[in-house]
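K.L.:
please work out how this folds:
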Amino acid sequence: MGEVSGVRARDVDTDKWLLTCRRQTTPAPGGLVDKHTKGRIARFIPIIVPLHPLIARRLQATRGDSDARLYTGPRGGRISTAVLRDATHWDEVTSDLGYEHLRRHDLRHTGLTWMADAGFLPHILMEIAGHRLITTTQRYFHPDVLRILEAGQALTHHLEKLQCDGQITRRW
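P.N.:
Got it, this is the predicted structure:
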């Protein structure tokens, strides 16, 4: 949420549909402040096609002000996690779905898992997530049972092919 709140219009490249993550909004004495991301390094995040119209509308709302925030709170300033929770009815929605334990940060894990399942290379995922170590990124992956079953089927197919080609002489 902090990184979303920090996005300015100039951070979005609509030619390549890339978002440059440069800053995050965090609580501080006296209110919310913008600061560097955790790694202090700007990074690129792809904007998937279904989000293009939403991002385009938000950019239009900035009226050409490159310093304008893409997402704002109810009074036009920085948006906080509490405001987002209330605006999305997070507690009610997660409760209705039976996922009271779900945190917004869990959606980051879900997104990175989906990207991994889509075939993103680990070093690309590491860059998108802003992690310095691949082991940190790997902690975000939570494959579902279907992916694990598919992996088992792929291994079976591979071993059967090796056996047919004579590279394995006996049944495993």
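K.L.:
distance of Q167 from H157?
P.N.:
Distance, Q167 to H157, by C-beta to C-beta, to the nearest Å: 14 Å. Heads up, the C-betas are built off the backbone N, CA and C, glycines and all.
K.L.:
in the protein, which spans are helices?
P.N.:
Assigned by DSSP state H, the chain shows helices spanning 2-5, 52-61, 81-87, 90-97, 104-117, 122-129, 134-138, 145-164.
K.L.:
dump those helices to JSON lines, plus mean pLDDT.
P.N.:
Conversion of the helices of the chain to JSON lines gives the following (pLDDT from 0 to 100):
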{"stretch": "helix 2-5", "mean pLDDT": "84"}
{"stretch": "helix 52-61", "mean pLDDT": "96"}
{"stretch": "helix 81-87", "mean pLDDT": "83"}
{"stretch": "helix 90-97", "mean pLDDT": "94"}
{"stretch": "helix 104-117", "mean pLDDT": "90"}
{"stretch": "helix 122-129", "mean pLDDT": "93"}
{"stretch": "helix 134-138", "mean pLDDT": "92"}
{"stretch": "helix 145-164", "mean pLDDT": "91"}
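K.L.:
winner for burial among those helices?
P.N.:
Across these, averaging neighbours per residue (mean count of other C-beta atoms under 10 Å) puts helix 2-5 on top, at a mean of 19.
K.L.:
other SSEs contacting it?
P.N.:
strand 23-28 (3 or more C-beta pairs under 8 Å, 6 or more residues apart in numbering; DSSP states H and E).
K.L.:
now what about the strand it packs on, what contacts it?
P.N.:
With contacts defined as C-beta atoms under 8 Å, 6 or more residues apart in numbering, strand 23-28 is touched by 2-3, 5-6, 32-38, 78-80.
K.L.:
so which bits of it are buried?
P.N.:
Within strand 23-28, the residues scored as buried using 16 or more other C-beta atoms under 10 Å are 23-26.
K.L.:
could those go into CSV alongside distance to W90 and pLDDT?
P.N.:
Converted to CSV, the buried residues of strand 23-28 look like this (distance: C-beta to C-beta, whole Å; pLDDT from 0 to 100):
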residue, distance to W90, pLDDT
R23, 24, 91
Q24, 19, 88
T25, 18, 87
T26, 19, 86
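K.L.:
what about the spatially closest residue to I41 that is not a sequence neighbour, distance to R69?
P.N.:
Counting by C-beta to C-beta, 6 or more residues apart in numbering, I41 lies nearest to G130, which is 7.2 Å off, once chain neighbours are set aside. Distance of G130 to R69, computed by C-beta to C-beta: 20 Å.
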